[in-house]
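Chemist: here you go, sequence then predicted model.
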Amino acid sequence: MYAGDPMDLDLSPEHVLLRDTIRDFMAREVAPVVDEHERARRFPTEIVRKMGELGWLGIPIPEDEGGSGLDTLAYAIAVEEVGRAWGSLGLILAAHTSLGCGPLHLAGNDEQKKSHLVPMASGRVLGAYGLTEPSAGSDAGGTRTTARFEDGPDGGCWVLDGGKRFITNAGHAGTYIVTAKTGTSDGGDAEISAFIVPADTPGFSVGRLEEKMGLHASATGELLFERAAVPAANMLGERGTGFRTFLKILDGGRVSIGALAVGLAQAALDASIPYAQTREQFGRPIGTFQGVAFMIADMATEIEAARALVYRAAWLKDQGRDYSLAAAQAKLFASEVSSRVTNTAIQVHGGYGYVEEYKVERYLRDAKLTEIGEGTSQIQRLVIARRILGLRVV
C-alpha cells in the first residue's frame, strides 16, 4: 500500500457546479441561436457579453487581475462544455482566455495588468493574440512583422509594420497581444518581442476575414500594421522575451484546444446514441447491429481517454508542475479523437449525417481545426518526441 492520499478522479463539488451551470446556460440561452449564427457567419457578440458578465471570460485569472480566480481544470471544463454546444463559441472563449489574457497574466507588469488585463478578464474587453503570419506559422521564428523604437515624449514608442494571419477574434477584440521582430540576437536569430496593441491604435487595422471550412461564427482574419505606434510602456515583458513567452502560452493553449476537441467529440456521441437507439433498419434499431454498436463503443472509450489526458494536463499545471509534455499529448490525442469521432458520427447517421439538418456534419467541420490550431498534430509529435528522446528531432 502506497502512503499518501488515495487517488480521487471525481470532480470536486465546485467543478461539478460550474460544469452544470455552464451546461444549463448553453442549453437554455445559446443552443436555440447557434444555427442562425452559423448560417449567417455572425459573431455572437451578445452571448460573449453575457458570458463576460457571468465571469466566464477570466476563469483561470486571479481575482485581483479581474478574473474569477478558479483553476485550469475549471477552465478546461468550461471550454469543453461551451464547445459541446457550440464550437465557434468555445474557440472564442479559448482564444480570449489562453492567448489574450494569458500573456498579460504571465508577463505583464502591474500597470499593464490594471490597464489591459482587468478589463479583459472581467469580460468588458475581448482579447486576441497575433503570432501567425503568412510565412510564419509553426516556424514562429520566421516572424517578419517588425517593431522599431522611436524616441519621443513620454518615453518614446514602438512602431510596428507588417501583418498577421489566421487570428481568432480579429475585428472583435479590443486588445491584441502581438509578436514582432525587434532586432537580431548575438547568435543571429530573430529577436522576438511582444506588444500590447489596443484596437484603436492609429496605423492598425483588420484586413480580410476568412471564409472557413467550419467554426463559421468565430471570426478569423488578418491584422495589418502600417506605422502603428504603441507607447514604449506597451512592450510586454523584457525585450527579446516574446518568443519564450509565446512557447509558455502555447502550452496552456493546448489544454484549452484539447478541451474544445473533447467537447465537440462528446456532442457527436450525444447525437449518435439516441439515433442508434431509435433509427430502425431490417425491423430493429441499428444500435443492435455490431457494426454500429462497436462504433459507439469506440467513440465513448476514446472520448473518456481524451478527457482524462486533458484534465491531467490541467491538473499538472494547477499543481505548479511541468505540464508541457502532458499538454502536447492531450492536445494531440484529443484533437485526433475528435476528428475520428465526429467522422464516425456521420457514418452512424448514414445519409442523414451528411445533411445540415442533423448537426454531426458541423461537428466534423469544426473538429478539424483542433488538429491545426495551437500547433498542428505534426508539431505536437515533434514536441513529444523531443522530450521523450532528448534528441533534436526535425
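Modeler: Done, it's in. Numbers count the residues shown, from 1 in each chain.
Chemist: longest helix anywhere in this protein?
Modeler: In the chain, with assignment by DSSP state H, the single longest helix is helix 242-278.
Chemist: immediately after it, which helix or strand?
Modeler: strand 280-281 (DSSP states H and E).
Chemist: so where is the chain shaky, pLDDT-wise?
Modeler: Across the chain, the ranges flagged by pLDDT under 70 are 1-6, 140.
Chemist: how is it partitioned into domains?
Modeler: 13-126, 128-240, 244-389 (automatic domain parsing).
Chemist: could these go into a markdown table alongside distance to Met7 and mean neighbour count?
Modeler: Placement of C-beta: from N, CA and C, glycine included. Output for the domains of the chain, formatted as a markdown table (distance: least, CB to CB, whole Å; neighbours: other CB atoms under 10 Å):
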| stretch | distance to Met7 | mean neighbour count |
| --- | --- | --- |
| domain 13-126 | 15 | 21 |
| domain 128-240 | 36 | 19 |
| domain 244-389 | 12 | 20 |
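Chemist: distance of the residue nearest in space to the middle of the chain relative to Val178?
Modeler: For the chain, the residue nearest the mean C-alpha position is Ala94 (3.6 Å; CA atoms, centre = their mean). Plainly put, Ala94 is 18 Å away from Val178 if you go by CB to CB, to the nearest Å.
Chemist: again, but for Ala261
Modeler: Taking CB to CB, one finds Ala261 at 26 Å from Val178.
Chemist: for Gly291, see how far away the residue nearest to the centre of the chain is.
Modeler: According to CB to CB, Ala94 and Gly291 sit 35 Å apart.
Chemist: same question for Ala95.
Modeler: Taking CB to CB as the measure, Ala95 falls 39 Å from Gly291.
Chemist: ok, Tyr129 next?
Modeler: According to CB to CB, Tyr129 and Gly291 sit 44 Å apart.
Chemist: please apply the same query to Leu104.
Modeler: For Leu104 relative to Gly291 (CB to CB), the value is 51 Å.
Chemist: with Arg28 instead?
Modeler: In this view, Arg28 and Gly291 are 36 Å apart by CB to CB.
Chemist: the helices in the stretch 201-350 of the chain, which residues?
Modeler: With DSSP state H, counting those that start in this stretch as the criterion, the stretch 201-350 of the chain has helices at 242-278, 290-318, 324-349.
Chemist: nope, the stretch 1-150 of the chain is what I meant
Modeler: Taking DSSP H, counting those that start in this stretch as the test, the helices found in the stretch 1-150 of the chain are 13-25, 34-40, 45-53, 72-85, 87-94, 102-107, 110-112, 118-121.
Chemist: what about the longest one, distance to the chain center?
Modeler: So the one you mean is helix 72-85. Relative to its chain's centre, helix 72-85 lies at 10 Å (CA atoms, centre = their mean, to the nearest Å).
Chemist: and that helix, what does it pack against?
Modeler: Identification of packing neighbours for helix 72-85 by 3 or more CB pairs under 8 Å, 6 or more residues apart in numbering; DSSP states H and E yields helix 13-25, helix 87-94, helix 242-278, helix 290-318.
Chemist: same question for the last one.
Modeler: If you count contacts as 3+ CB pairs under 8 Å, 6+ apart, helix 118-121 packs onto no helix or strand.
Chemist: give me the residues contacting that helix.
Modeler: Helix 118-121 has contacts (CB atoms under 8 Å, 6 or more residues apart in numbering) with 57-58, 61, 65-67, 96, 100-101, 104-105, 125-127, 174-175.
Chemist: same question, the first one
Modeler: With CB under 8 Å, 6+ apart as the test, helix 13-25 has contacts from 11, 54, 56, 70, 73-74, 77-78, 81-82, 84-85.
Chemist: tell me the angle it makes with helix 290-318.
Modeler: 130 degrees (axes from the mean of the first three to the mean of the last three CA atoms, to 10 degrees).
Chemist: where's Leu325 relative to Val230, distance?
Modeler: Counting by CB to CB, the separation of Leu325 from Val230 is 35 Å.
Chemist: and Trp158, that one's in a helix?
Modeler: No: residue state for Trp158 (DSSP: H, G, I helix; E, B strand; the rest coil) corresponds to strand; a helix is not indicated.
Chemist: list the residues that contact the closest residue to it other than its chain neighbours.
Modeler: Nearest non-adjacent residue to Trp158, counting by CB to CB, 6 or more residues apart in numbering: Ala147, 4.6 Å away. Ala147 sits next to 158-160, 180-182, 193, 195 when contact means CB under 8 Å, 6+ apart.
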